[in-house]
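Undergrad: only the shape, not the letters, is given here:
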């Protein structure tokens, strides 16, 4: 069974930093890539960043230069370092992978809340 567990969210002031973690397990039949998305109240969920098993990374323009994704394969964990946080970064942050179970399906964690005050 695929399991994704996010942690590390919290409340910070603008300009602050947080490090989010996504611990994963049971990903044998999943694509070798993990994504971070976020969803602010009243808005659609949006892509933030991804990291492939071989290390290739991608970022949304809105976070490029401020957020850094990394992975620790020994710990089965992907991290998202959030720096220079802005109030508009306030959202629930989710990690996601895509796994095969008869067809390809997205698997999401439960999310971790990030709140940035001005």
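TA: That came through fine. Everything quoted here is computed from the prediction, not taken from an experiment.
Undergrad: tell me who's in contact with residue 106.
TA: Residues counted as contacts of residue 106 (C-beta atoms under 8 Å, 6 or more residues apart in numbering) are 96-98. For the C-beta atoms, the positions are set from N, CA and C on the backbone; glycine is no exception.
Undergrad: of the residues you listed, buried ones?
TA: 96-97 (16 or more other C-beta atoms under 10 Å).
Undergrad: now render the contacts of residue 106 as CSV, adding secondary structure and distance to residue 36.
TA: Output for these, formatted as CSV (DSSP: H, G, I helix; E, B strand; the rest coil; distance: C-beta to C-beta, whole Å):
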residue, secondary structure, distance to residue 36
96, strand, 8
97, strand, 11
98, strand, 14
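Undergrad: nearest to residue 10, of the contacts of residue 106?
TA: residue 96 (20.9 Å; C-beta to C-beta).
Undergrad: the closest one reaches residue 39, doesn't it?
TA: No: counting by C-beta atoms under 8 Å, no contact exists between residue 96 and residue 39, whose distance comes to 11.5 Å.
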